[in-house]
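1. Compute the structure for the input listed below.
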Amino acid sequence: MDVIPPARAAFDVLAAGVDTVLARNPRLAVDWCRAALGLLSAVPDGSRQQADLLLSMARAHARIGELTQCRAAFAQWSALVGPDEELKQAADILAILSLADGRFTHARVILRGAVGHPAAVNTGSLRLDLAATAFWDTRWSWSDAALAVIKEDQRLQRAHALVLLAVEALDREEVDQALRLVKDSADLVDLRTDEDLAERPVIMSDLGWAETYLGQNQRARQRFMRGLLVCEASGQYLPVAPLQAGLAELALRQGALAVAADRAERAVSAARSLGHNDHWAMALVVRSDVALGAGRHDQALADATCAMEVVDLDSPQWRRAHLAYATVVLANGDSAGCVRAVLDVAGDELGEFPVWERRRAAKLLGRAERAAGRVQHAVRWEGIRARYEALLNLPDKSAAGPVQVSRREFEIARLVSEGRTNRQIARLLEVSHKTVETHLARIFAKSGVSSRAELAGLTVANRVVARPRA
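-> As a prediction, this is how the structure comes out:
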């Protein structure tokens, strides 16, 4: 009977388990890949699996948000297999790295080439990745093709495709259809556990932003908060900047400038730490808007200008940055500069902007033209603004029902409303302090609050209730 050497046995276990843990625990996948690669010299035929391990490591680093390490592992893999294999096996990684640099056209070329390649791996997932590139840039439409190849049991992928379809419908001004699609997506997402959502945490960002566009602010806030919880628990930080930026946007809408400033700062910090320029530009745009709302014109101008510089015109964030810049310019009294900044990127009919940004653009142009005494032009833009406001001023019905939590979570929420500390609650319930913190984080995510005071207010007002027994 043959005896398998310990090094070979360990190598086989690690190599076989990497893909199993990659989706939900990418940090563990990186550790296993590194350990397996360290055993290569002791495994006679292990070099055959070296390329697979390097590719898995690159994917894991990408999920974590470690883009520099992702590039390094990917380069090692490519050197082993050759560039001809990149499109067949690693189009998803190439696209992630291109999008991080704001090179959307390059990412789309890669993904379209992979989708059409007869030997490409996971073409259904690649179609969804391709469709997702149009979330901020609605001049493209691939969501129908993605949805058509997604299997019925792939609920997260289906939810993501539905929210992408919703954004396309909204851009066509089909608001009722967009609302239905967002609800269908949310229904699928709400049935998933946090561990399930760790397989595709970006869905929480995209769904939250779609709900924001549709005026469903409370639901959007809950989505962003839960998304952050999922990212923290699974060690995946790529979607963190858009999630924090979404919370900053919602706080700004409510006039909560201190909260908005804090969230915007977190978004900027997250994007910069990952080296994700496109997310950095997005976060800078939100921070510019917050600074302007607080009367800090110099910071607002600096942030908007920086956002325009860190990505080029290939990125939809470049156009959003011009809107932020135009807003600051107008606030500083430069009407002509505002008009130029908007029309240079939006086109005469504002068609280069998604529908939800045309309202802001038309508002800026109307104010700028009226300030310049060009009344006829101002009236035209004011009419366009009124049309988009009528289209998009939707009542926020997302807070219609109470938030349902587990009975243990409700017990903790009630004790928080009584002013108890986490340690006091832990003693009363005879659980660990860490258990209370975990439950509290889940309650925050479900209810969309970020402080004990907010949670106490919801609980006292019967807006947080225990889920009925089955």
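2. Below-threshold pLDDT in the stretch 151-300 of the chain: ranges please.
-> Scanning the stretch 151-300 of the chain for pLDDT under 70 picks out nothing.
3. Quick check: next helix or strand after whichever strand or helix holds R108?
-> Using DSSP states H and E, R108 maps to helix 104-115. As assigned by DSSP H and E, the chain's next helix or strand after helix 104-115 is helix 123-132.
4. That next one: how far from the chain's middle?
-> Centre-to-centre, helix 123-132 and its host chain are 16 Å apart (Cα atoms, centre = their mean, to the nearest Å).
5. CA atoms only for that helix - export them in CSV, please.
-> C-alpha atoms of helix 123-132 as CSV (Å, rounded to 0.1, in the frame of the first residue of the first chain):
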residue,chain,number,x,y,z
THR,A,123,-19.5,33.1,-19.9
GLY,A,124,-22.8,33.6,-18.0
SER,A,125,-20.9,35.4,-15.2
LEU,A,126,-18.9,37.3,-17.7
ARG,A,127,-22.1,38.5,-19.4
LEU,A,128,-23.3,39.8,-16.0
ASP,A,129,-20.0,41.5,-15.5
LEU,A,130,-20.3,43.2,-18.9
ALA,A,131,-23.9,44.3,-18.1
ALA,A,132,-22.7,45.8,-14.8
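6. what's it packed up against?
-> The contact analysis (3 or more Cβ pairs under 8 Å, 6 or more residues apart in numbering; DSSP states H and E) places helix 123-132 against helix 91-100, helix 104-115, helix 143-149, helix 155-171. C-betas here are computed from N, CA, C, even on glycine.
7. contacts for the first one?
-> When you say that, I think you mean helix 91-100. For helix 91-100, the surrounding residues in contact (Cβ atoms under 8 Å, 6 or more residues apart in numbering) are 55, 58-59, 62, 67, 70-71, 74, 86-87, 104, 106-107, 110-111, 113-114, 120, 122, 125-126, 129, 133, 238, 274-279.
8. try 7 Å this time
-> Residues from elsewhere that reach helix 91-100 (Cβ atoms under 7 Å, 6 or more residues apart in numbering): 58-59, 62, 67, 70-71, 74, 86, 106-107, 110-111, 114, 120, 126, 129, 133, 276-278.
9. CA atoms only for stretch 92-106 - export them in CSV, please.
-> C-alpha atoms of stretch 92-106 as CSV (Å, rounded to 0.1, in the frame of the first residue of the first chain):
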residue,chain,number,x,y,z
ASP,A,92,-12.9,38.7,-15.1
ILE,A,93,-9.6,39.8,-13.5
LEU,A,94,-8.5,41.8,-16.5
ALA,A,95,-11.9,43.6,-16.4
ILE,A,96,-11.7,44.4,-12.6
LEU,A,97,-8.2,45.9,-13.0
SER,A,98,-9.3,48.0,-16.0
LEU,A,99,-12.4,49.3,-14.2
ALA,A,100,-10.3,50.2,-11.2
ASP,A,101,-8.3,52.4,-13.5
GLY,A,102,-11.4,53.9,-15.0
ARG,A,103,-10.8,52.2,-18.3
PHE,A,104,-14.4,51.2,-19.1
THR,A,105,-14.0,50.8,-22.8
HIS,A,106,-11.0,48.5,-22.3
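10. Report the buried residues of that stretch.
-> Neighbour-count burial for stretch 92-106 flags 92-104, 106 (criterion: 16 or more other Cβ atoms under 10 Å).
11. I'd like those residues written out as a markdown table, with pLDDT and distance to L330 added.
-> Converted to a markdown table, the buried residues of stretch 92-106 look like this (pLDDT from 0 to 100; distance: Cβ to Cβ, whole Å):
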| residue | pLDDT | distance to L330 |
| --- | --- | --- |
| D92 | 94 | 41 |
| I93 | 96 | 41 |
| L94 | 96 | 40 |
| A95 | 95 | 36 |
| I96 | 96 | 36 |
| L97 | 96 | 36 |
| S98 | 95 | 34 |
| L99 | 95 | 31 |
| A100 | 95 | 31 |
| D101 | 93 | 30 |
| G102 | 92 | 26 |
| R103 | 93 | 31 |
| F104 | 94 | 28 |
| H106 | 94 | 34 |
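12. Those: which two are farthest apart?
-> D92 and G102 (17.8 Å; Cβ to Cβ).
13. A283 and L274: what is the separation?
-> According to Cβ to Cβ, to the nearest Å, A283 stands 11 Å off from L274.
14. More neighbours: which of these two?
-> Applying other Cβ atoms under 10 Å to A283 and L274 shows that A283 carries more neighbours, namely 29 against 20.
15. Confirm that one sits in a strand?
-> No. Counting by DSSP: H, G, I helix; E, B strand; the rest coil, A283 is not found in a strand; it is helix.
16. residues in contact with the residue nearest to it when sequence neighbours are not counted?
-> Of all residues not flanking A283 in the chain, A267 sits nearest, at 3.6 Å (Cβ to Cβ, 6 or more residues apart in numbering). Shown in contact with A267 (Cβ under 7 Å, 6+ apart): A241, Q244, A245, A248, A283, V286.
17. Try it again at 8 Å.
-> V240, A241, P242, Q244, A245, A248, H279, M282, A283, V286, R287.
18. again, but for A270
-> Under the criterion of Cβ under 8 Å, 6+ apart, the contact list for A270 reads Y237, V240, A241, Q244, H279, A283.
19. how about those in TSV, adding secondary structure?
-> Output for these, formatted as TSV (three-state DSSP):
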residue	secondary structure
Y237	coil
V240	helix
A241	helix
Q244	helix
H279	helix
A283	helix
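20. ok, back up a step: quick check: buried residues in the host helix or strand of the residue nearest to A283?
-> If you go by DSSP H and E, A267 is part of helix 257-274. Across helix 257-274, burial judged by 16+ other Cβ under 10 Å covers 259-268, 270-272, 274.
21. G295: what secondary structure?
-> Going by three-state DSSP: G295 is coil.
22. Could you give the number of residues near it?
-> 10.
23. State the distance from it to A331.
-> G295 is 9 Å from A331, by Cβ to Cβ.
24. Ok, G113 next?
-> Counting by Cβ to Cβ, the gap from G113 to A331 is 44 Å.
25. likewise A75?
-> Taking Cβ to Cβ, one finds A75 at 46 Å from A331.
26. May I ask which helix or strand encompasses the residue minimising distance to the centre of the chain?
-> Nearest to the mean C-alpha position of the chain, counting by Cα atoms, centre = their mean, stands S205 at 3.3 Å. Secondary structure from DSSP H and E places S205 in helix 202-213.
27. Quick check: buried residues in the following helix or strand past that helix?
-> Proceeding N to C from helix 202-213, the next assigned helix or strand is helix 217-234, under DSSP H and E. Judged by neighbour count using 16+ other Cβ under 10 Å, the buried positions of helix 217-234 are 217-231, 233-234.
28. Now do the domain split for this structure, please.
-> Per the record, the chain has its domains at 6-129, 150-226, 403-466, by automatic domain parsing.
29. want to throw those into JSON lines with distance to G337?
-> Below are the domains of the chain laid out as JSON lines (distance: least, Cβ to Cβ, whole Å):
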{"stretch": "domain 6-129", "distance to G337": "24"}
{"stretch": "domain 150-226", "distance to G337": "28"}
{"stretch": "domain 403-466", "distance to G337": "37"}
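30. can you list the helices and strands packed on helix 123-132 in CSV and add distance to D19?
-> Shown next, in CSV, are these (distance: least, Cβ to Cβ, whole Å):
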stretch, distance to D19
helix 91-100, 14
helix 104-115, 19
helix 143-149, 21
helix 155-171, 17
